[in-house]
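Visitor: only geometry, no sequence info:
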């Protein structure tokens with residue numbers, strides 16, 4: 001059972017690491033291993049809270065999509081294409097993936113892998129302003145890999161766009177909008193588990209509000225970092241963290 005103090009710490013971690021390309025699942029797994037608390041349904045709840053920050057910040061783009069004109073329908077199709085790989089992986093391998101959250105060696109290797117991919121964006125060049133079906137599917141494949149704990153979803157999807165030559169703004173927009181239905185789907189699947197966990201309602205309310213507010217700040221800050229072409233620096237952080245985790249296991 002998560003305590004009030006643990007909920008505050010985990011909510012702050014989630015609000016920062018869900019949108020910074022440093023893997024929220026990996027950081028939550030590390031924190032929960034430290035606390036001796038493991039509840040994937042609570043993790044999903046924190047993702048659900050953070051999702052509302054995306055809805056708030058991208059409300060204009062979402063409203064445009066809901067207008068269902070030719071342009072919005074084409075973009076919705078691209079989002080669906082991007083979500084298919086992660087949906088398949090999540091549906092068939094969720095039980096196996098869940099077991100990896102407590103494997104610190106795996107987390108260390110995953111952080112290093114994610115860091116390398118993110119660092120490679122330093123050498124990417126923008127040559128496209130629009131996302132096509134091939135780009136959407138490639139970003140979707142990157143997102144499918146990011147279902148694994150220790151691999152950043154935002155890191156992989158934004159990197160996928162940048163590595164395909166997509167503009168920074170378009171890559172961020174596609175990455176964040178694609179997260180909304182996936183988080184909603186995962187939240188629906190884990191809703192019963194959350195109810196059965198019997199976490200105090202007050203703790204859930206505080207967790208939701210805190211995660212939402214921290215997420216708002218983090219997303220805005222991330223957009224500034226990417227605009228200044230410093231996104232690759234997160235790759236260094238991931239690599240160093242992965243190395244530290246592996247060293248801690250050996251010691």
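Guide: Perfect, I can see it now. Computed from a predicted structure; not experimentally measured. Numbers count the residues shown, from 1 in each chain.
Visitor: pLDDT score for residue 198?
Guide: pLDDT, residue 198: 74.
Visitor: the closest residue to it other than its chain neighbours and residue 37: what is the separation?
Guide: Among residues not flanking residue 198 along the chain, residue 1 sits closest, at 7.4 Å (C-beta to C-beta, 6 or more residues apart in numbering). Quick note: C-beta positions are derived from backbone N, CA and C, even for glycine. Going from residue 1 to residue 37 by C-beta to C-beta, to the nearest Å gives 8 Å.
Visitor: more neighbours, the two?
Guide: residue 37 (15 against 11; other C-beta atoms under 10 Å).
Visitor: now do the SS call for the residue nearest to the more buried one when sequence neighbours are not counted.
Guide: Nearest residue to residue 37, sequence neighbours excluded (C-beta to C-beta, 6+ apart): residue 2, at 5.7 Å. Following DSSP: H, G, I helix; E, B strand; the rest coil, residue 2 is assigned to coil.
Visitor: count the residues that sit near residue 2.
Guide: For residue 2, the neighbour count with other C-beta under 10 Å is 20.
Visitor: before we move on, what about residue 161?
Guide: Neighbour count of residue 161, defined by other C-beta under 10 Å: 29.
Visitor: so how far is the helix or strand hosting it off the chain centroid?
Guide: Using DSSP states H and E, the element containing residue 161 is helix 153-163. Mean-position distance between helix 153-163 and its chain equals 11 Å (C-alpha atoms, centre = their mean, to the nearest Å).
Visitor: one more: stretch 1-11?
Guide: Remark: stretch 1-11 is offset 20 Å from the chain centroid, using C-alpha atoms, centre = their mean.
Visitor: so which bits of that stretch are buried?
Guide: By 16 or more other C-beta atoms under 10 Å, the buried positions in stretch 1-11 come out as 2, 6-7, 10-11.
Visitor: one more: stretch 107-121?
Guide: Neighbour-count burial for stretch 107-121, with 16+ other C-beta under 10 Å as criterion, is recorded at 107-115, 117-119, 121.
Visitor: pick the one among these closest to residue 182.
Guide: Comparing the buried residues of stretch 107-121 against residue 182 with C-beta to C-beta places residue 114 closest, at 17.7 Å.
Visitor: between the helix or strand harbouring that closest one and helix 153-163, how big is the angle?
Guide: For residue 114, the enclosing helix or strand under DSSP H and E is helix 104-119. For helix 104-119 against helix 153-163, the angle between stretch directions is 30 degrees (axes from the mean of the first three to the mean of the last three C-alpha atoms, to 10 degrees).
Visitor: pLDDT averaged over helix 104-119 - what is it?
Guide: What helix 104-119 shows for mean pLDDT is 93.
Visitor: could you identify the helix or strand that succeeds that helix?
Guide: helix 133-145.
Visitor: buried sites along that next one?
Guide: Here helix 133-145 shows 135-145 as buried, counting by 16+ other C-beta under 10 Å.
Visitor: thinking again about what came up before, what's the distance between the residue nearest to residue 198 and residue 164?
Guide: 44 Å.
Visitor: so where's the stretch 151-251 of the chain shaky on pLDDT?
Guide: Scanning the stretch 151-251 of the chain for pLDDT under 70 picks out 192, 194-196.
Visitor: which residue ranges form the helices in it?
Guide: Ranges of helices in the stretch 151-251 of the chain, per DSSP state H, counting those that start in this stretch, are 153-163, 168-197, 201-227, 233-250.
Visitor: most packed of those helices?
Guide: Neighbour counts (mean count of other C-beta atoms under 10 Å) averaged over each of those peak at helix 153-163, with a mean of 27.
Visitor: just checking, what packs against that one?
Guide: Helix 153-163 is packed against helix 104-119, helix 133-145, helix 168-197, helix 233-250, with contacts defined by 3 or more C-beta pairs under 8 Å, 6 or more residues apart in numbering; DSSP states H and E.
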